[in-house]
Each structure stands twice: as structure tokens, then as C-alpha cells.
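Peer 1: Here you go, sequence then predicted model.
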Amino acid sequence: MPRDATEPPLTAPDPAEGTRRRAVVGGLLAALIGCVVVWAVFGGHILPPTHTGWMLSGRIGPDPVQYWLGYTFFKRTGWTVPPGLNPGWGLEVSSSIFYADAIPLLAFLFKALDPLIEVPQYWGLWLYACGVLQAVLAWRLIGLGTGAMLPRLAGAALFVLQPALLHRMGGHFALGGQFVLLAGLWLCLTRGRGWRPITAWVALVVGTALIHAYLLVMVGGLWVAAALARAADPERRSAVLAEALAVPAAGLAGLWSAGFFVLTDGFGGTWGGYGQMQLDLLAPFDPSYWGRFLPDLPAPDHLEVGTSYAGLGSLLLLAAGALAWAARPRAFLRAHWPLLLALAAMLALAVTHRVSIGGREFVLFELPEAVLRYADALRASERFLWPVAYAALLAAALTLIRVLGGRRAGLVLAMLVAVQIADLRPGFARLAYFFTPEPAAVPLRLSDPFWTEAAGRYTRIRVVPNRNQAAWWEEVAVYAATMGLETDAVYLARLDPRRVARLNAAMAERLRTGRFEPCTLYVLGDAGAIALARARRDPERDLLEVIDLVVVLAPGWWAPDTTDAPDCVG
């Protein structure tokens, strides 16, 4: 039957449109996988911005309390130069939002929005974003080898189900932003031309600088690899000089704005230096508290132990990828030598000069003190395994796809995801314990009526003596943040020891002479401070008492008509 001439002509479907539709659907499914993993492991109660109970209950530990405190004080401070300064938290020992590990990128955003919308906590949103971006970027990376849906989605799931990632999302929230490493790998493995790759690297580096310093060093290493590759390619080397200036400048600008440079000392921290939290060579195979099937292995005794297990599914993928490579080798190594060189350097940085094998340490050489002074800033060097591990997983998945084809490789990857989930059940149960649902808000631990009255009479509360995580720091700092007081009770990623020493000397002198600061309440944390206060206080005016297990010195408490405290507020 002839077609009506008035009907529109028949046209074939646009293949490009179908490809775009599949890409959008696949990306959305990958994002859903990331959301489902975060929801299954951490729960949905962390998501509402008004719910702070899960962070402040103390169940997860002091780190989430630190993040909330850093941001709470930060958003109450006017904008400064640099904008990351946070003088309200710490007073003389204060530094910046950078050293509160509170993700400056989001702290800036929500501080700017605070006059319009109050967001008490953004870390639940961040954790979900980390899962989504990790999955989507893994989907894109595996798409370099296949357009098939199943292997890309299964690979995305495997990249999210990494103990190194989930462990950090379970406490060190900023370090959950490991998606920036996948973004760096993507930029290393794709051949952009002109200014597009430079612009992408500038955005990635400045964004990473506003997330966490460890991730910045790793992304910086990947950028060096990409820059070397472009410099070695005559077709892409035209803008190398501009890139060599723009990308480091972007990183420095990000660090400056976040307040990184306000410290000049104390970068080594208080939990050991470089080489003391190194990667044990058996760590990827040691299940520790994460794995169900493999036996525990001997390990060193430091805080990073147990965080580098790959999971049985991932280990099987690496083994399968190695076998596939042996069956059909490919000249990948020669083509990507700058990336391999950068990954080897990061692996060496993780292992350090003190090589650990099953907990037994072999010192290859000693680093000079001048080098250690700066290397100590990267004390938790085991973390530099992350880009190496992700690159190895990606290489194994792509090799498997090349040898088996998309469909069969997809089935294998799906089975490995099931193995990974079954193996990591002990780790999931551990995280579920720490992330048990809590009330939206938890009461102050300093609950005696004294504290409410004191907040109306004083504007500042100190802990004496002071240090990072001083006695009662958490209770005092949360009380101060809730009541709108300033405090020097801090827990920061790095603290300048010289500032702490000067502050302690000044406070000891005030207690020794009885010349207490106006508007200031003191929490005394050791016998020496208590003895000084008892000897010099005026019992007719000054309260010295144990309240909620805390020794408190309240100058002028018994003489409200003459004390300076009433003039400090209102």
C-alpha cells in the first residue's frame, strides 16, 4: 500500500542520540549504585542537614565533633583575609577551617549561604556525594574499554565497595573524597587538546586543595604525570609552560584561601612522623576487621593499620586481570610511562624508607632532619596506596574486558561484586555500630544549670593547661559553640606547639598571680592548675568547684555586682 504523500518521510534513528541516551541512563544507574551503597552502609539518618546527633553523640569518635565545631565557629566569624581564618575557635592557638578538616570547599559555600539558609551539618550530604561521584567516575573510566552496561555498572560498584574508601567515610569524612583520584586518572588517560585539559586540571587541583591536603598531593602527582605525557607529545605540548604555571598556582591559591599557610610550625602533628605509619607490604591482603574469609596477617602497630585491605572480590579481580594480561599482553606500559612513574613514586612514598613486611621493619636508610621536618606533614603515608590501588583495579578490569569481551567480563565483575559484599560483612557491621541512628540533636554533656547561667555572664571559656585534645576539650568546645562563647579548647589536624607553649605560660602566670581575665571562665585540667587557682583565688568572689566532673574556676561568681562578667554580654 503506497505511503500517503502528506506523511513525514521515514528516517533512521540517530545512533549518536541513542549513545547519549545510554550514557545518561548508565551514569544515573551508577549514581544510584553509589547512593545505595552509602545508604546500606551508613544509613539515611545522616542525610538531613538539621540532624547533628549522629556526629555529636561521640559514638563515631572525636573527629566528627571536630568537623562540626570547626564549621560552627567558622560560620559565625565575619569574612577574613584569607577567608579560611577561624579565630573564634582556639583564640591564641586558632588557625583556620583547613586545620579543622571541615572540607573548606563546603564550609565556604554554606557560610556564604548561611544568611539565607542555615545548614548545621553538611557531612551527610558530602558522604552521599562521595559515593555518587566515586561510582559515576568509575563508570566513566571503565567506559574507556567498553560501552557495555553490565561491566561498567559492576565495576562502578566495586570501586565504591573499597575498604579504603568506606573506612574514611566512616570517620575521616574529607578523605572520603577519593573520587578526585578517579578524576585525575581520567584526565591522565584521555587525550584532551588545547586548553580543555589545563582548565580541567586547574579546577580539579583547586577543588582538591579545598578538600584535603593528602588528596592534593596525590592529585598533584597525577597531574605531573599528565603534564609529562603532554610535554612528550609534539601535538599537545604547545601550552605546557602555561600549564606548569597555572596548575600549581591554582593549588596554592586554594591552600591560601583555606588558611593552610597560617601555620609555620607543627606540621608533624602529635601521632608520629613520616615512616612511622607506613604501608606494610602485606596490608592489601590483611583483612583485619574488614574481611570475612581470609586469615589475619601480622601487621605493624600504628593508627593506619587495617585500612588498606582490598577485599576478596578486588583481589580476585587483580589476579584475573594479571592472568588476562599474561594471555594477551599489550603495550600499555610504554604508552603511559609518566603515569606509571608517578604511581611508583606514590607507592614508594607509602612504603617509606622504613619497609614493613608483616609487621617486621627494615630501615633502608635514615632521612636527614631537614627532610623529615617537611616529610612529617605526610606522616600517614600508607594513604598513598590509594591512587595505586585504583589504577591497578582499573587496569585489571579493562584487561579482563579486552580478553573476555564486555558481556562475559560483566558477568565476572558482577560475581566479584557479590564476593566483595560477602567478604566485607564484618566491616559493614562495624560501621553500622558506629552509625547507629541517634536523635536529631543530643543534649550537652555539661548539663548542670550552672553552665546555662555562666553562658549569660561570660563570653569566653578556657582549658588550662592547653594542648591538642586537652582534658575536657570536647565537652567545653561543644558547650562554647552551642552557647555562643569563644574558647581555646581545640582539636585540630595540626597545632603550632610554640603558640601552645606561650599560651600555657601566660595562663599559668594568671593563675599564679590571681590576675584573671575579665569575661573568662576556666576549666582546670590538671593538679598543677588546680593548686595555683586554689592558692590565689578570692573565696569571697571566685568560685572553684567540681561541676559535671569538671573543675571550674569562675572569677567574680560570688560578686556579680562588681565582677566584669555582666559587662561582657548583652
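Peer 2: Nice, I can see it. Numbers count the residues shown, from 1 in each chain.

Peer 1: wait, isn't Pro298 in contact with Leu282?
Peer 2: Yes - with contacts defined as Cβ atoms under 8 Å, Pro298 counts as touching Leu282 at a distance of 7.5 Å. To be clear about C-beta, it is placed using only N, CA and C from the backbone, and glycine gets the same treatment.

Peer 1: for Ser447, phi and psi?
Peer 2: Dihedral angles of Ser447 (phi, psi; degrees, to the nearest 10) stand at phi -110, psi -10.

Peer 1: Can you name the residues that contact it?
Peer 2: Contact partners of Ser447, counting by Cβ atoms under 8 Å, 6 or more residues apart in numbering, are Asp548.

Peer 1: again, but for Ser381
Peer 2: 274-275, 277-279, 349-352.

Peer 1: Sticking with Pro426, tell me its helix or strand.
Peer 2: For Pro426, the host element (DSSP states H and E) is helix 425-434.

Peer 1: my bad, should have said Ser356
Peer 2: Using DSSP H and E, Ser356 falls within strand 354-357.

Peer 1: hang on, the earlier thing: Pro298 and Leu282: which has the busier surroundings?
Peer 2: Taking Pro298 and Leu282 together and counting by other Cβ atoms under 10 Å, Leu282 has the greater number of neighbours (16 against 12).

Peer 1: shouldn't the more buried one be in contact with Arg360?
Peer 2: No - Leu282 is not in contact with Arg360 according to Cβ under 8 Å; the separation is 10.1 Å.

Peer 1: returning to what we had before: now for Pro298 and Leu282: what residues contact both?
Peer 2: Residues within reach of Pro298 and of Leu282 at once, by Cβ under 8 Å, 6+ apart, are Gly358.

Peer 1: helices or strands up against the next helix-or-strand element following the strand holding Ser356?
Peer 2: Past strand 354-357, heading to the C-terminal end, the next element that is a helix or strand (DSSP H and E) is strand 360-363. Helices and strands touching strand 360-363, by 3 or more Cβ pairs under 8 Å, 6 or more residues apart in numbering; DSSP states H and E, are strand 354-357.

Peer 1: avg pLDDT for stretch 281-292?
Peer 2: When pLDDT is averaged along stretch 281-292, the result is 96.

Peer 1: and the end-to-end length of it?
Peer 2: With Cα to Cα, to the nearest Å applied, stretch 281-292 spans 20 Å between its terminal residues.

Peer 1: Tell me how many other residues crowd the nearest residue to Trp557 once chain neighbours are set aside.
Peer 2: In space, not counting the residues next to it along the chain, Trp557 is nearest to Leu543; the distance is 3.7 Å by Cβ to Cβ, 6 or more residues apart in numbering. Look at Leu543: counted by other Cβ under 10 Å, it has 17 neighbours.

Peer 1: Got the phi and psi for Leu543?
Peer 2: When read as degrees, to the nearest 10, the backbone of Leu543 gives phi -90, psi 130.

Peer 1: Was I right to think it contacts Leu553?
Peer 2: Yes - Leu543 lies in contact with Leu553 (Cβ under 8 Å); the separation is 7.2 Å.

Peer 1: Which residue ranges of the stretch 351-500 of the chain form helices?
Peer 2: Taking DSSP state H, counting those that start in this stretch, the helices of the stretch 351-500 of the chain run over residues 369-375, 385-404, 406-423, 425-434, 449-455, 473-483, 497-513.

Peer 1: Can you name every helix or strand that the longest one contacts?
Peer 2: Put plainly, it is helix 385-404. helix 123-142, helix 149-160, helix 163-169, helix 179-189, helix 213-231, helix 312-327, helix 337-351, helix 406-423.

Peer 1: Just the CA coordinates for the fourth one, please, in PDB.
Peer 2: Once side chains and other backbone atoms are set aside, the C-alpha atoms of helix 179-189 remain, and they are given as PDB (Å, rounded to 0.1, in the frame of the first residue of the first chain):
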ATOM      1  CA  PHE A 179      36.700  10.500  43.700                       C
ATOM      2  CA  VAL A 180      39.200  13.200  42.900                       C
ATOM      3  CA  LEU A 181      41.800  10.500  42.400                       C
ATOM      4  CA  LEU A 182      39.500   8.800  39.800                       C
ATOM      5  CA  ALA A 183      39.000  12.200  38.100                       C
ATOM      6  CA  GLY A 184      42.800  12.600  38.000                       C
ATOM      7  CA  LEU A 185      43.200   9.100  36.400                       C
ATOM      8  CA  TRP A 186      40.500  10.100  33.900                       C
ATOM      9  CA  LEU A 187      42.500  13.200  32.900                       C
ATOM     10  CA  CYS A 188      45.700  11.100  32.700                       C
ATOM     11  CA  LEU A 189      44.100   8.500  30.400                       C
END
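
Peer 1: Which other helices and strands does the next helix or strand after it contact?
Peer 2: Next helix or strand after helix 179-189 toward the C-terminus (DSSP H and E): helix 196-209. Judged by 3+ Cβ pairs under 8 Å, 6+ apart, helix 196-209 is in contact with helix 179-189, helix 213-231, helix 240-258.

Peer 1: Out of those helices, which gets nearest to Pro338?
Peer 2: Using Cβ to Cβ as the criterion, the shortest distance between Pro338 and the helices and strands packed on helix 196-209 is 3.8 Å, found for helix 213-231.

Peer 1: Report the buried residues of the closest one.
Peer 2: In terms of neighbour count (16 or more other Cβ atoms under 10 Å), helix 213-231 has its buried residues at 213-230.

Peer 1: again with stretch 442-455
Peer 2: By neighbour count on 16+ other Cβ under 10 Å, the buried set for stretch 442-455 is 442, 444-446, 450-451, 454-455.

Peer 1: Turn the helices and strands packed on helix 196-209 into CSV, columns for mean pLDDT.
Peer 2: As requested, those are arranged in CSV below (pLDDT from 0 to 100):
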stretch, mean pLDDT
helix 179-189, 97
helix 213-231, 96
helix 240-258, 95
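
Peer 1: Select, out of the ones you listed, the one closest to Leu340.
Peer 2: Smallest distance to Leu340 across these (Cβ to Cβ): 8.1 Å, for helix 213-231.
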